[in-house]
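Undergrad: Sharing a model prediction with you, sequence too.
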Amino acid sequence: MTMPRTTGSPGNRVAREVFADLPPRYDRLSWLLSFGQDRRWRRAVVARIAGGQPRRVLDVATGPAGVALAVARRTGATVVGVDLNEPMLQRGRRTVEAAGRTGEVVLVAGRAEQLPFDDECFDAVCFSYLLRYVDAPAEALVEMTRCLRPGGTMASLEFFVPPAAGWRAAWRLYVSAVLPVAGWMAGGSAWWRVGRFLSRSIPAHYRQYPLDWHVRAWEQAGLRDVGWRLMSRGGGLVMWGTKEAAP
């Protein structure tokens with residue numbers, strides 16, 4: 001195992017700063033933003049990972065370890081969760097301990113762009129709500145694929161912008177007006193700031209990196225059979241692919 005070579009990028013610093021005050025109630029924020037759908041989205045990712053019957057799984061941007069725990073419960077695999085936000089990791093460690101899974105889920109600090117692992121050492125890789133917080137999403141995909149064994153599965157969950165005009169208009173109203181206010185009422189000024197940030201960052205990301213870009217980036221990283229599914233009228237995006245075998 002090698003250690004990260006640098007401390008972070010501007011995108012990484014945004015992730016640290018925006019979510020610094022939220023770990024104890026992070027799951028509630030995901031529930032608010034997704035109208036309570038995030039658990040169903042996560043189950044879709046876990047199902048993709050579980051289909052390959054992995055024994056060792058990497059969960060990048062693990063946050064408070066919700067997906068890592070779900071994968072461990074579903075598969076019995078050893079799961080290594082990585083996040084650059086230390087307060088999130090501390091919360092995750094307490095959650096893992098409370099769930100009695102300290103022998104199956106291990107949490108370490110690290111960056112998606114410079115993962116502290118050897119090549120091809122995981123049977124599956126998953127990540128959630130990550131690509132808006134790295135400066136070079138394609139490079140992060142390449143780095144995560146590096147850690148995946150040939151034939152292994154990668155799956156991800158991200159927020160998305162609904163493609164249908166009516167749902168998109170309702171979504172924009174919600175994230176720009178309702179979400180910041182709801183965040184402030186639920187958790188004060190820190191949540192208001194996060195609500196405002198998300199209302200700008202999600203559409204900005206897909207203006208720069210539309211869905212077809214994501215598919216091509218996965219393929220160029222070395223993944224085949226890349227598929228995707230829009231969740232909850234397009235509020236969420238689940239993607240998956242299989243690492244190509246070496247020639």
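TA: Good, I have the coordinates. Numbering: from 1, shown residues only.
Undergrad: okay, CA-based contacts and neighbour counts for the rest of this
TA: OK.
Undergrad: what residue lies at the spatial centre of the chain?
TA: With distances taken as Cα atoms, centre = their mean, S128 lies nearest the centre of the chain, 1.1 Å away.
Undergrad: List the beta-bridge partners for the closest residue to that one other than its chain neighbours.
TA: Leaving aside its chain neighbours, S128 sits nearest to L157 (4.6 Å; criterion: Cα to Cα, 6 or more residues apart in numbering). Using DSSP bridges, the beta-bridge partners of L157 come out as S128, V238.
Undergrad: I'd guessed the residue nearest to the centre of the chain sits against L58; true?
TA: No. Counting by Cα atoms under 8 Å, S128 does not reach L58; the two are 11.6 Å apart.
Undergrad: can you give me the strands for this structure?
TA: Along the chain, counting by DSSP state E, strands occupy 56-60, 78-83, 105-109, 122-128, 148-159, 223-231, 236-243.
Undergrad: Quick check: buried residues in the fifth one?
TA: Of all the residues in strand 148-159, those buried under the rule 16 or more other Cα atoms under 10 Å are 148-159.
Undergrad: just how off-centre is that strand within its chain?
TA: How far strand 148-159 lies from its chain's middle: 11 Å, per Cα atoms, centre = their mean, to the nearest Å.
Undergrad: Keeping just the C-alphas, turn that strand into CSV.
TA: Taking Å, rounded to 0.1, in the frame of the first residue of the first chain, the C-alpha atoms of strand 148-159 are listed here in CSV:
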residue,chain,number,x,y,z
LEU,A,148,-10.0,-2.9,-9.8
ARG,A,149,-9.1,-6.4,-11.0
PRO,A,150,-9.9,-7.4,-14.6
GLY,A,151,-13.4,-8.6,-14.8
GLY,A,152,-14.4,-6.7,-11.7
THR,A,153,-17.4,-4.4,-11.4
MET,A,154,-17.4,-0.7,-10.8
ALA,A,155,-20.7,1.1,-9.9
SER,A,156,-21.6,4.6,-8.8
LEU,A,157,-24.3,6.9,-7.6
GLU,A,158,-24.6,10.6,-8.4
PHE,A,159,-27.2,13.3,-8.3
